[in-house]
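Enquirer: Show me the folded form of this:
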Amino acid sequence: MAATALGLGIPAAAVAQDDSTGVPPDVVSDAVMTDVTAAADITSLDAATANLGSNTQALVNLGSIDAGDVAVVSMNDMNLGADQRYAVAQNIDPGAATALQQALNTVTVSEYGGDSPTLANHLQSLNIDPAGVVAVDVGADGVVTIFTQ
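Expert: You can find the predicted model right below:
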């Protein structure tokens, strides 16, 4: 394409830009992927908060999980606006939130060194305050996704 453009007298830089924005296509693609990822994260968070009671029960039913099966997603990394954070907070059932905090203190994590701390203690070892956990999702594959403030 660049060779054709050069043959027509069009500068190569003009060919490498997206004609609607003037921004190179790879930059546009990266920005779109970031937006899609953020949208997927908020959808996962919304689902986790809407199903907090059943997700917490699924976590309790696991009893023990491997450290490698714990994924932590921070709301700070999701680039949520104040209105989105407020909406998330409004979706959390206080009773389910209390049950989640209790589950964090009963479910154990099998760590690589052979220790089995509670999930709350495991999170603390990762410098994550368990009190900041707002939701949990237990995947069919056993991966536990923890959403934090």
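Enquirer: Next, the spatially most central residue of the chain: phi, psi?
Expert: In the chain, the centroid-proximal residue (Cα atoms, centre = their mean) is residue 73; its distance is 3.8 Å. Backbone geometry at residue 73, expressed as degrees, to the nearest 10, gives phi -120, psi 120.
Enquirer: thought it was touching residue 144?
Expert: No - between residue 73 and residue 144 there is no contact under Cβ atoms under 8 Å: 11.1 Å. Every residue, glycine included, has its C-beta placed from N, CA and C.
Enquirer: Kindly state the beta-bridge partners for the residue nearest to the centre of the chain.
Expert: On the basis of DSSP bridges, residue 73 is bridged to residue 147.
Enquirer: Tell me which helix or strand residue 88 sits in.
Expert: Take DSSP states H and E as the rule and residue 88 turns out to sit in helix 82-91.
Enquirer: which helices and strands sit right next to that helix?
Expert: helix 25-50 (3 or more Cβ pairs under 8 Å, 6 or more residues apart in numbering; DSSP states H and E).
Enquirer: Can you name the element that comes right after the helix it packs on?
Expert: Going down the chain from helix 25-50, the next helix or strand is helix 52-62, by DSSP H and E.
Enquirer: name the helices or strands packed onto that next one?
Expert: Packed next to helix 52-62, using 3+ Cβ pairs under 8 Å, 6+ apart, are helix 94-104, strand 133-138.
Enquirer: returning to what we had before: show residues contacting the helix holding residue 88.
Expert: 42, 45, 46, 49, 50, 75, 80, 134 (Cβ atoms under 8 Å, 6 or more residues apart in numbering).
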